[in-house]
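Visitor: The following block contains a protein sequence and its predicted model.
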Amino acid sequence: MEKSKAYQYKAHKGEDGVRSLSALKMKNIELAEIVDIEANQSLMDYFFKLTHIPIGLNDLKGNVLVGTGWQDICTKFHRVHPETCKHCVESNIKLSSGVVPGEFKAYKCKNNMWDLVTPIMVGDQHVGYVFAGQFFFEDENVDYELFRSQARKYGFNEEEYLKALEKVPRLSREAVDTSMSFLMTFANMVSQISYKNIKLAQSLAERNTLVEELRKSEEKYRNIVETANEGIIIVDDKTTITFANHKMADMFGYDVEEGIGRSLWDFVSDENRVIIEKNMEKWAYGIIETYELKLTRKDGSSVWVLINSKPLFDKNGKHIGVLAMFTDITKRKQKEYRIRRYNHILEGINQIFSNVVQAKTEEELGEACLSVALEVTGSEFGLIIEMGADGLLHDVAKSELAWEQCLMYDKTGHLSLPSDYVVHGLYGSVIINEKSFFTNDPQSHPDRIGLPEG
């Protein structure tokens, strides 16, 4: 008995078989590549024990992939001699052609033995046959003289050859018909399972390819997101942060894990809340916005950001959140502020020089200078004073607020120092040190002696 050494597919032993099947094309299939040879061998062995009908599974090239019950007359004679073996292969290929799927054909091979055949199909492709054979019908007379002549022609031992002939099964036509009904069902089962296995393998291969492409795509875009200079977040429709890259976390002083799950409102001051709320209304309509906003870091400090936002929707068109990119523009905003401040100071200096020319008295010049100083510094309280030769502090100019809050008047309307009182307090430190002095927290300064008193 001849068996192919072709690859044996075993679907139950992992992915190697799946990959082998997936590489097959539906128009280029070898039977040996799609059947489980060991499982089919076991099934056919049981079939032979029940029916005593030799059976084989052959490909289109005449190779016997599975066989059982083969008779000595074939295995020891017909399949051994080159000429008679050629008859076997030719019979299998030529005499079995033209058999319609779901039917079987009975024929005598060129070595004068009865064979039965039914095709195996995968989809619409013919890939092999189920053969049953090497028997005689019990109601026929065997032509022994014909077999003696075959023994002489091919040099077989005539006595041994005829002994093998006597062992060939004699079967009733009813038994043959019943057995072939089973074998046609078996052939159809092999066809269906093979076809489904190939389609499944191809589907799995396509799925694996898609999964791998998706993995590579996700890895690519995750690398882009994590190496971006912009902070990137995804916020759901309840303003909960569901994704943040490392740049976003660094920008606001949080770990990534610490930031995810927080509310967007944790980063927005009350004064800027209305801006976010207005943009949320636009997000629901798919409007894309770019705007600047001052947000709050974990440590309470401020960070200015340029926000580019894109609304997100599900497959039904429902708004489910927003994807936003944050660019830190704090340094730019600080530079803009300094430029505005410098421009303001320059404008103030120009005004002072202009007022120097126009002022008629020292008091008018002092009032103009004080007005510019208040405007540039954004202050509400201001004085310009000088120490007179008489030891009194003479006011040159004062803001209305300063004048209203000053409680130290004498009869002449000037600030007055006690007769033996040393100049002290914040104003005194400026006079004593002869240096300018600025503070945003006069109440906490160590030289303070009371405000506005003194």
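Guide: Received the coordinates, thanks.
Visitor: Nearest spatial neighbour of G231, chain-adjacent residues omitted?
Guide: Excluding the flanking residues, the one nearest G231 by C-beta to C-beta, 6 or more residues apart in numbering is M248, at 3.2 Å. Just so you know, the C-beta spots here come from the backbone N, C-alpha and C atoms, and that holds for glycine as well.
Visitor: Counting neighbours, show which residues of the helix or strand where the one you found lies come out buried.
Guide: According to DSSP states H and E, M248 maps onto helix 246-252. Neighbour counts over helix 246-252 (16 or more other C-beta atoms under 10 Å) mark 246-249, 251-252 as buried.
Visitor: Next: stretch 268-288.
Guide: 268, 276, 279-280, 283.
Visitor: Which ones among these lie within helices?
Guide: Judged by DSSP state H, those include 276, 279-280, 283 as members of helices.
Visitor: what's the spacing between stretch 49-57 and its chain's center?
Guide: Its chain's C-alpha centre and that of stretch 49-57 lie 54 Å apart, by C-alpha atoms, centre = their mean, to the nearest Å.
Visitor: Need the residues that contact the helix or strand where E367 lies.
Guide: Using DSSP H and E, E367 sits within helix 362-377. For helix 362-377, contacts defined as C-beta atoms under 8 Å, 6 or more residues apart in numbering pick out 341, 344-345, 348-349, 351-352, 355-356, 359, 379-380, 382-384, 396-399.
Visitor: Restricted to buried residues, select the residues you listed in ChimeraX.
Guide: A single ChimeraX command is used to select the members of these judged buried by 16+ other C-beta under 10 Å:
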select :348,351,352,355,359,382,383,384,397,398,399
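Visitor: Next step: the contacts of helix 362-377 restricted to strands.
Guide: Under the assignment DSSP state E, those contribute 383-384, 396-398 to strands.
Visitor: and of these, the nearest to I432?
Guide: L383 (16.8 Å; C-beta to C-beta).
Visitor: in this protein, which spans are helices?
Guide: Remark: helices assigned in the chain by DSSP H are 15-22, 37-51, 72, 82-90, 144-154, 158-166, 173-227, 246-252, 256-259, 270-283, 330-358, 362-377, 400-405, 425-433.
Visitor: Same question for stretch 247-266: list its buried residues.
Guide: 247-249, 251-252, 254, 259-260, 264.
Visitor: just the residues you listed now: which is nearest K238?
Guide: L264 (9.4 Å).
Visitor: List the contacts of the residue lying closest to that closest one once chain neighbours are set aside.
Guide: Distance criterion C-beta to C-beta, 6+ apart; nearest residue to L264, sequence neighbours excluded, is T239 at 4.3 Å. Contact partners of T239, counting by C-beta under 8 Å, 6+ apart, are 263-265, 280.
Visitor: Distance check, T239 against N316.
Guide: 21 Å (C-beta to C-beta, to the nearest Å).
Visitor: The residue lying closest to E230 once chain neighbours are set aside bridge partners, please.
Guide: If the residues on either side of it in the chain are set aside, E230 comes closest to M325, at 4.5 Å by C-beta to C-beta, 6+ apart. Judged by DSSP bridges, the bridge partners of M325 are I232, N308.
Visitor: Could you measure from M325 over to K331?
Guide: On the measure of C-beta to C-beta, M325 and K331 end up 18 Å apart.
Visitor: Neighbour count for the two, which is higher?
Guide: Applying other C-beta atoms under 10 Å to M325 and K331 shows that M325 carries more neighbours, namely 21 against 9.
Visitor: wouldn't the more buried one be in contact with N229 here?
Guide: No: here M325 does not reach N229: they are 9.9 Å apart, not a contact under C-beta atoms under 8 Å.
Visitor: shared neighbours of these two, which are they?
Guide: By C-beta under 8 Å, 6+ apart, M325 and N229 have no common neighbours.
Visitor: re the thing from before, please tell me how far the residue nearest to E230 sits from S399.
Guide: Taking C-beta to C-beta, one finds M325 at 46 Å from S399.
Visitor: Likewise for F147?
Guide: 136 Å.
Visitor: Y144: what's it in contact with?
Guide: 162, 165.
Visitor: and if you look at W283?
Guide: 309, 311, 319, 322.
Visitor: residues near the nearest residue to I120 once chain neighbours are set aside, how many?
Guide: Nearest non-adjacent residue to I120, counting by C-beta to C-beta, 6+ apart: G128, 4.5 Å away. Using other C-beta under 10 Å, G128 has 27 other residues around it.
Visitor: can I assume G128 is in contact with G56?
Guide: No: contact criterion C-beta under 8 Å: G128 and G56 do not qualify, at 10.1 Å.
Visitor: if you skip the residues just before and after it, what's nearest to D395?
Guide: Leaving aside its sequence neighbours, D395 sits nearest to I385 (C-beta to C-beta, 6+ apart; 5.0 Å).
Visitor: Poorly predicted segments of the stretch 51-200 of the chain, please.
Guide: For the stretch 51-200 of the chain, applying pLDDT under 70 flags the ranges 95-96.
Visitor: returning to that earlier point: pick out the most distant pair among the buried residues of stretch 268-288.
Guide: So, those by C-beta to C-beta: farthest apart are V268 and W283, at 15.0 Å.
Visitor: pLDDT score for A397?
Guide: Predicted confidence (pLDDT) at A397: the value is 76.
Visitor: what's the spacing between the closest residue to it other than its chain neighbours and N92?
Guide: Leaving aside its chain neighbours, A397 sits nearest to G366 (3.4 Å; criterion: C-beta to C-beta, 6+ apart). To N92, G366 is 123 Å away according to C-beta to C-beta.
Visitor: repeat for V256
Guide: 69 Å.
Visitor: Then H445?
Guide: In terms of C-beta to C-beta, H445 sits 112 Å off from N92.
Visitor: Settle it for me: which of those two has more neighbours?
Guide: It is N92, of H445 and N92, that has more neighbours when counted by other C-beta under 10 Å, with 24 against 14.
Visitor: related to what we said a few turns ago, of all the ones in strands among the contacts of helix 362-377, which comes closest to Y195?
Guide: Nearest to Y195 out of the ones in strands among the contacts of helix 362-377 is L383 (C-beta to C-beta; 99.9 Å).
Visitor: my read: the closest one touches L393, true?
Guide: No: judged on C-beta under 8 Å, L383 makes no contact with L393 at a distance of 9.4 Å.
Visitor: Now do the shared contacts for the two.
Guide: With C-beta under 8 Å, 6+ apart as the test, L383 and L393 both reach Y427.
Visitor: rewinding a little: by neighbours, which of the contacts of W283 wins?
Guide: V322 (24 neighbours).
Visitor: Would you mind confirming that that one is in contact with K310?
Guide: Yes: V322 is in contact with K310 according to C-beta under 8 Å; the separation is 6.7 Å.
Visitor: In space, not sequence, find me the middle residue of this protein.
Guide: Centroid-nearest residue in the chain: E218, 3.7 Å away (criterion: C-alpha atoms, centre = their mean).
Visitor: how far away is that one from E212?
Guide: From E218 to E212 the distance is 11 Å (C-beta to C-beta).
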